[in-house]
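K.L.:
compute the structure for the input listed below.
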Amino acid sequence: MKKTDTEMNELIESTLKLSEQAFRELFPILPKEWLSLDLTTPQLKVVLLLYLNGPARMSVIASSLGVSLATATGVVDRLVERDMLVRESDPNDRRVVLCRLSEKGVKLITGLWLKAGERVVIMFKALDRRRLQLVKDALEALLEAGRAAKGQLEIGNNSR
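P.N.:
Below is the predicted model:
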């Protein structure tokens, strides 16, 4: 391994450690919010999957959860009963059923993100202008790198 590769790996490792520390600092309030949810872990995973990726087929949900279609259907059934999800026909193929978040499901997840965002705003306000600009620039660079590496990243199937 070349010296520059070793240096790059060390830089990546230290950046990952900082990211973990930042995550722990930013989100200590979320566990309380998330633990107060009346959702099982698989249900929360489905809600997050649909929030982040949009409507999805049952097969995509099952694959993303790593469970059988029957198990995923049971999870979705309970979320539909609780008015968190809606099943609807795919406008491009009426034989296909898509699951999407209901208004109640969107409101729930949006509320969690907003709560986390409030904490981030407080932290950003603690920075001076120069350091906040550095954070902004770093996040833009990270998003750019993510877009460039999108083919290499396994984010799950998206059935919009």
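
K.L.:
scan the protein for its longest strand.
P.N.:
strand 93-101 (DSSP state E).

K.L.:
what does it rub up against?
P.N.:
Under the criterion Cβ atoms under 8 Å, 6 or more residues apart in numbering, residues 46-47, 50-51, 54-58, 61, 76, 84-90, 109, 159 lie in contact with strand 93-101. C-beta coordinates here come from the backbone N, C-alpha and C atoms, glycine included.

K.L.:
what lines up beside it in the sheet?
P.N.:
Take DSSP bridges as the rule and strand 93-101 pairs in its sheet with strand 56-57 (antiparallel), strand 85-90 (antiparallel).

K.L.:
which one, of those, ends up nearest to L134?
P.N.:
strand 56-57 (36.9 Å; Cβ to Cβ).

K.L.:
what angle do the helix or strand that that closest one is followed by and strand 93-101 make?
P.N.:
Per DSSP states H and E, the first helix or strand lying C-terminal to strand 56-57 is helix 58-65. In terms of direction (axes from the mean of the first three to the mean of the last three Cα atoms, to 10 degrees), helix 58-65 departs from strand 93-101 by 40 degrees.

K.L.:
for this structure, what helix or strand is lowest in average pLDDT?
P.N.:
helix 30-35 (a mean of 66; mean pLDDT, DSSP states H and E).
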